[in-house]
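K.L.:
build the 3D model from these lines:
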Amino acid sequence: MVAVNTDYAKTRVDTNHTKEMLETISKIGFTHIHWVHQWDGTDLYSVSEMRQIKGWLKELNLKVKGVHASDGTITGTFDDRKIFISPNEFNREAGVELVKNRIDLASFLGAGEIVLHVKMLHLIQPDIGYGSYSDTYWGQLFKSFDSIVKYGQEKKIKIAIENLEFPSLEVQFDQFDRLFKRYSVEELSFCFDLGHNMILSKDRPFAFLERYNERLTNLHLNCGVFASNETDYKQILKFDTHSILDKNLVDFESLSKLIAESPYELPVTFEISIPGNIKKGLSETLEAGNEIEALIKKYRDAE
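P.N.:
Numbers count the residues shown, from 1 in each chain. Prediction:
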């Protein structure tokens with residue numbers, strides 16, 4: 001069993017195109033998808049849209065391993081209408097409703113989790129209007145997460161927070177530690193993005209996975225490029241290539257062993273971007289997923 005993100009190539013706001021992308025996933029041989037369409041921005045899914053997606057998946061015999069929720073931001077722009085850390089209470093509440101909409105989508109599609117970015121916008125983009133968020137960041141974040149986590153529990157959907165490509169390991173560790181101290185493992189889990197970790201550390205590509213292994217419920221397997229001493233967020237984004245896994249860059253054995261030691265439930269899940277030959281890229285991804293799945297099962301059977 002292997003899952004791949006639905007936006008593996010450039011997407012269009014076109015339902016026919018979306019279905020064609022799903023059809024390609026099915027034809028290549030994937031058993032699951034990770035729903036990543038509209039992973040950012042402010043769009044809300046209607047019930048009729050959810051029904052349409054569910055119908056496609058049933059027709060193509062695809063199951064869902066998680067839904068990537070939106071935190072309301074669009075990279076490089078200032079649109080704070082639906083951001084759950086906003087100091088504006090109306091906008092914060094609208095951001096919470098946006099995340100709840102994705103929880104509803106996950107529940108409707110039979111997924112067990114949503115994946116969510118928890119950006120530190122006052123550090124990432126202070127020059128385009130987010131600087132003021134630093135004064136109220138933690139208070140607004142906790143207030144929003146109290147509501148999001150409770151709703152997830154009611155819907156039986158886990159909330160998995162994802163490690164990002166910025167800021168540093170240490171700053172994100174502090175952020176994650178605070179959240180995991182406040183919320184139990186049943187309430188808040190972890191999505192490991194390998195590529196993001198690779199950008200931040202050449203010597204410790206599994207640092208987040210090692211630290212939060214006991215909370216792992218989701219994976220974003222891909223390759224990023226080590227950003228060395230780069231500190232400018234816009235420049236760092238260029239290193240976030242979401243490339244197909246390269247065995248010359250990733251130790252499959254060590255990665256699989258760490259996943260095997262966690263509570264992660266298969267399938268192995270990828271979040272990749274394919275700029276060239278789509279079928280070739282998806283086939284190579286499926287092959288890597290099958291290999292990692294076999295290694296995970298080997299390590300678990302040995303316990």
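
K.L.:
where does the residue nearest the centre of the chain land on pLDDT?
P.N.:
Nearest to the mean C-alpha position of the chain, counting by CA atoms, centre = their mean, stands Val115 at 4.6 Å. According to the prediction, Val115 has pLDDT 98.

K.L.:
which residues of the stretch 101-250 of the chain score low on pLDDT?
P.N.:
In the prediction, the stretch 101-250 of the chain carries no residues with pLDDT under 70.

K.L.:
the residue nearest to the centre of the chain pairs with what?
P.N.:
With DSSP bridges as the criterion, Val115 is bridged to His68, Ala160.

K.L.:
run through the bridge partners of His268.
P.N.:
You called it His, but residue 268 is Val. Counting by DSSP bridges, Val268 is bridged to Val2.

K.L.:
how about it, what does it touch?
P.N.:
Residues in contact with Val268 (CB atoms under 8 Å, 6 or more residues apart in numbering) are 1-3, 219, 221, 259, 289, 292-293, 296. C-beta: built from backbone N, CA, C; applies to glycine.

K.L.:
and the helix ranked longest in the chain, which residues are buried?
P.N.:
Longest helix in the chain, counting residues (DSSP state H): helix 278-301. Across helix 278-301, burial judged by 16 or more other CB atoms under 10 Å covers 281-282, 284-286, 288-289, 291-293, 295-296.

K.L.:
can you pull the contacts of the residue nearest to the centre of the chain?
P.N.:
Here Val115 is in contact with 34, 66-69, 160-162, 191, 218, 220 (CB under 8 Å, 6+ apart).

K.L.:
now, the most widely separated pair of those residues?
P.N.:
Spatially, the most separated pair among the contacts of Val115 is His34 and Ile161, at 15.6 Å (CB to CB).

K.L.:
so which of the two has more stuff around it?
P.N.:
Per other CB atoms under 10 Å, whichever of His34 and Ile161 has more neighbours is His34, with 28 against 24.

K.L.:
how about the helices in the stretch 101-250 of the chain?
P.N.:
121-124, 137-155, 169-182, 194-200, 207-211, 233-236 (DSSP state H, counting those that start in this stretch).

K.L.:
got the contact list for the fourth one?
P.N.:
It stands for helix 194-200. Contact with helix 194-200 is made by 162-166, 168-169, 204-209, 219-227, 236, 239-243, 245, 249-250, 255, 271, as judged by CB under 8 Å, 6+ apart.

K.L.:
distance from it to the middle of the chain?
P.N.:
Centre-to-centre, helix 194-200 and its host chain are 13 Å apart (CA atoms, centre = their mean, to the nearest Å).

K.L.:
any idea which of the helices of the stretch 101-250 of the chain is most buried?
P.N.:
Most buried of the helices of the stretch 101-250 of the chain, by mean neighbour count (mean count of other CB atoms under 10 Å): helix 194-200, with a mean of 25.
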